[in-house]
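Engineer: any chance you can model this:
(one chain, ligands or ions: 1)
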Amino acid sequence: MSQTAMSETYDFLFKFLVIGNAGTGKSCLLHQFIEKKFKDDSNHTIGVEFGSKIINVGGKYVKLQIWDTAGQERFRSVTRSYYRGAAGALLVYDITSRETYNALTNWLTDARMLASQNIVIILCGNKKDLDADREVTFLEASRFAQENELMFLETSALTGENVEEAFVQCARKILNKIESGVHTVAFGTQSLEPEEPEVFLPPSFSTLYGSRSLWGKENLGCSASWSKWHSKSYKSN
Ligand SMILES: Nc1nc2c(ncn2[C@@H]2O[C@H](COP(=O)(O)OP(=O)(O)OP(=O)(O)O)[C@@H](O)[C@H]2O)c(=O)[nH]1
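Structural biologist: Below you'll find the predicted structure:
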């Protein structure tokens, strides 16, 4: 078995979105999650960018296929077309900008309407390192999260604080939903058809919990990739 084939072995494939206003740090969060470093030359995203990473959640290998969307209003119609089939989302605001916090309800409505009512969303109050410039308190954001059935963390793409945790907590909640039968699951397909499930299993699985892949998984913990997505991935100033 080649190294590449081994590193592509996983138990579940979840589509994730990163949504929120422009400048909140979505691209930096994704970059920190995948590359484990701060992207200090980040410009506005045009359309969407794509990254993927395999993580270990409670002994299960989960491939996250993550779509980082542009926050600028002028790209809203493009980015909306990427919501379908998402199992999880990071909904990002900037703790130093009340404007980005005030926009959360609109993003939430879009996510639940265009992705799925079952989508698992974690609210991320990013730029936690800029506490001195804070405009949104932890308490009010955690109340908002509770009222809207969201998980909540304050994160820093700069220091890396809570970045991995945000993705892992979201994936763990989705796995819990699968176990309780809330999420639909498909086998060995990633096609995006109408009525598609939010969660996919690789072809090597015959039942949801019954069999594990025959391939080794020793190298999977750090498997990651980061790719530009066709012409929609370029950044502008
Ligand atoms: N201090 C600090 N700055 C951050 C953090 N995350 C992002 N930034 C900065 O915030 C700015 C915007 O970051 P991006 O990741 O490009 O924001 P975005 O949400 O992807 O923006 P769009 O692509 O326009 O939607 C950049 O100047 C980053 O350097 C953080 O955690 N702390």
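
Engineer: what segments of the chain are helices?
Structural biologist: All helices of the chain, identified by DSSP state H, fall at 3-7, 26-35, 76-80, 98-102, 104-114, 138-147, 163-179.

Engineer: which one of those lies closest to the ligand?
Structural biologist: The ligand lies closest to helix 26-35 among the helices of the chain, at 3.5 Å (C-beta to the nearest ligand atom). The C-beta positions use only the backbone N, C-alpha and C, and glycine is treated the same way.

Engineer: I'd like the average pLDDT over the closest one.
Structural biologist: Here helix 26-35 scores 97 as its mean pLDDT.

Engineer: hmm, that helix touching the ligand?
Structural biologist: Yes - contact of helix 26-35 with the ligand (C-beta under 6 Å from any ligand atom) involves 26, 27, 28.

Engineer: now do stretch 152-166
Structural biologist: Yes - Stretch 152-166 comes into contact with the ligand (C-beta under 6 Å from any ligand atom), by way of 156, 157, 158.

Engineer: again, but for stretch 94-112
Structural biologist: No - contact of stretch 94-112 with the ligand (C-beta under 6 Å from any ligand atom) is absent, the minimum separation being 7.5 Å.

Engineer: ok, residues contacting that stretch?
Structural biologist: Residues outside stretch 94-112 that contact it (C-beta atoms under 8 Å, 6 or more residues apart in numbering): 17, 19-21, 23-25, 80, 83, 86, 89, 91-93, 119, 121, 123, 125-128, 130-131, 133-136, 141, 144, 148, 150, 154.

Engineer: run through this protein and note the low-pLDDT ranges.
Structural biologist: The model of the chain has pLDDT under 70 over residues 1-7, 183-237.

Engineer: near the ligand, which residues of it show up?
Structural biologist: So far as C-beta under 6 Å from any ligand atom goes, the chain lies against the ligand at 22-28, 40, 42, 44-45, 70-72, 126-127, 129-130, 156-158.

Engineer: selection in PyMOL covering whichever of the residues you listed are buried, please.
Structural biologist: To isolate the buried members of the residues of the chain next to the ligand in PyMOL, using 16 or more other C-beta atoms under 10 Å:
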select buried, resi 22+23+24+25+26+27+28+45+70+71+126+127+129+156+157+158
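
Engineer: quick one on the thing from earlier: looking at the helices of the chain, which is buried most?
Structural biologist: helix 26-35 (a mean of 23; mean count of other C-beta atoms under 10 Å).

Engineer: C-alpha coordinates for that helix, PDB please?
Structural biologist: The C-alpha trace of helix 26-35 is given here as PDB (Å, rounded to 0.1, in the frame of the first residue of the first chain):
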ATOM      1  CA  LYS A  26     -11.700  32.800   8.400                       C
ATOM      2  CA  SER A  27      -8.800  32.200   6.100                       C
ATOM      3  CA  CYS A  28      -6.300  32.500   8.900                       C
ATOM      4  CA  LEU A  29      -8.300  30.100  11.000                       C
ATOM      5  CA  LEU A  30      -8.300  27.500   8.300                       C
ATOM      6  CA  HIS A  31      -4.600  28.100   7.600                       C
ATOM      7  CA  GLN A  32      -3.700  27.800  11.300                       C
ATOM      8  CA  PHE A  33      -5.700  24.500  11.500                       C
ATOM      9  CA  ILE A  34      -4.100  23.000   8.400                       C
ATOM     10  CA  GLU A  35      -0.500  24.400   8.500                       C
END
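
Engineer: which helices and strands does that helix pack with?
Structural biologist: Using 3 or more C-beta pairs under 8 Å, 6 or more residues apart in numbering; DSSP states H and E as the contact test, the elements touching helix 26-35 are strand 12-20, strand 48-57, strand 60-69, strand 88-94, strand 120-126, helix 163-179, strand 224-227.

Engineer: cool, thanks, signing off.
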